[in-house]
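>>> got a predicted model here, sequence first, then my questions.
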Amino acid sequence: MNSETEALDCEPACHGSDKEIERIKSSLVEDSIAYKMSELFKALGDPTRIKLIYALAQKELCVHDLTQVLNMGQSAVSHQLRYLRNLRIVKRRKEGKTVFYSLDDNHVEQIFLQTHQHISHQ
């Protein structure tokens, strides 16, 4: 056994937290929910999508507006919006031929704002 492996083991006298282990195991998030949560965090792992979400947290915008804000092509913006829409991070609303995008719900905005506050906290 090397020192790295030993550091991961409990002390010989450690009996763990036997009473709590079963309670914790039974309260773990379900696999399907864990997968969806990881997909959400993966979506937030892209700087372009972060900027897009930040813009939409301020105001509902059409694709053209988003291309101007992000200085990107329409195809690239549409691709990112489709990805975020499939994960229910953004939603769309049609008005005539124009499609407006906004954050799907307040939860998305709160996750985003709390993450921003955490990163900015010193």
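Received the coordinates, thanks.

>>> hang on, Leu61 packs against Thr98?
No. In this structure, Leu61 is not within contact of Thr98 by CB atoms under 8 Å, at 10.5 Å. To be clear about C-beta, it is placed using only N, CA and C from the backbone, and glycine gets the same treatment.

>>> could you look up the SS state of Ile50?
When classified by DSSP: H, G, I helix; E, B strand; the rest coil, Ile50 comes out as helix.

>>> can you give me the strands for this protein?
Here the chain has its strands, by DSSP state E, at 61-62, 90-95, 98-103.

>>> ok so, going back, who's more crowded, Leu61 and Thr98?
Using other CB atoms under 10 Å, the more surrounded residue of Leu61 and Thr98 is Leu61, with 18 against 11.

>>> if I look at the more buried one, how far off is Glu109?
For Leu61, the distance to Glu109 equals 14 Å [CB to CB, to the nearest Å].

>>> then stretch 93-107 to PDB, C-alphas only?
Provided in PDB are the C-alpha atoms of stretch 93-107 (Å, rounded to 0.1, in the frame of the first residue of the first chain):
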ATOM      1  CA  ARG A  93     -42.300  32.800 -27.600                       C
ATOM      2  CA  LYS A  94     -43.300  33.600 -31.100                       C
ATOM      3  CA  GLU A  95     -44.700  37.000 -32.100                       C
ATOM      4  CA  GLY A  96     -45.500  36.900 -35.800                       C
ATOM      5  CA  LYS A  97     -42.300  35.700 -37.500                       C
ATOM      6  CA  THR A  98     -40.000  36.800 -34.600                       C
ATOM      7  CA  VAL A  99     -39.000  34.400 -31.900                       C
ATOM      8  CA  PHE A 100     -38.200  35.800 -28.500                       C
ATOM      9  CA  TYR A 101     -36.200  33.900 -25.900                       C
ATOM     10  CA  SER A 102     -36.200  34.200 -22.100                       C
ATOM     11  CA  LEU A 103     -35.100  32.100 -19.100                       C
ATOM     12  CA  ASP A 104     -37.400  29.200 -18.600                       C
ATOM     13  CA  ASP A 105     -38.300  30.000 -15.000                       C
ATOM     14  CA  ASN A 106     -37.100  31.700 -11.900                       C
ATOM     15  CA  HIS A 107     -35.100  28.600 -10.800                       C
END
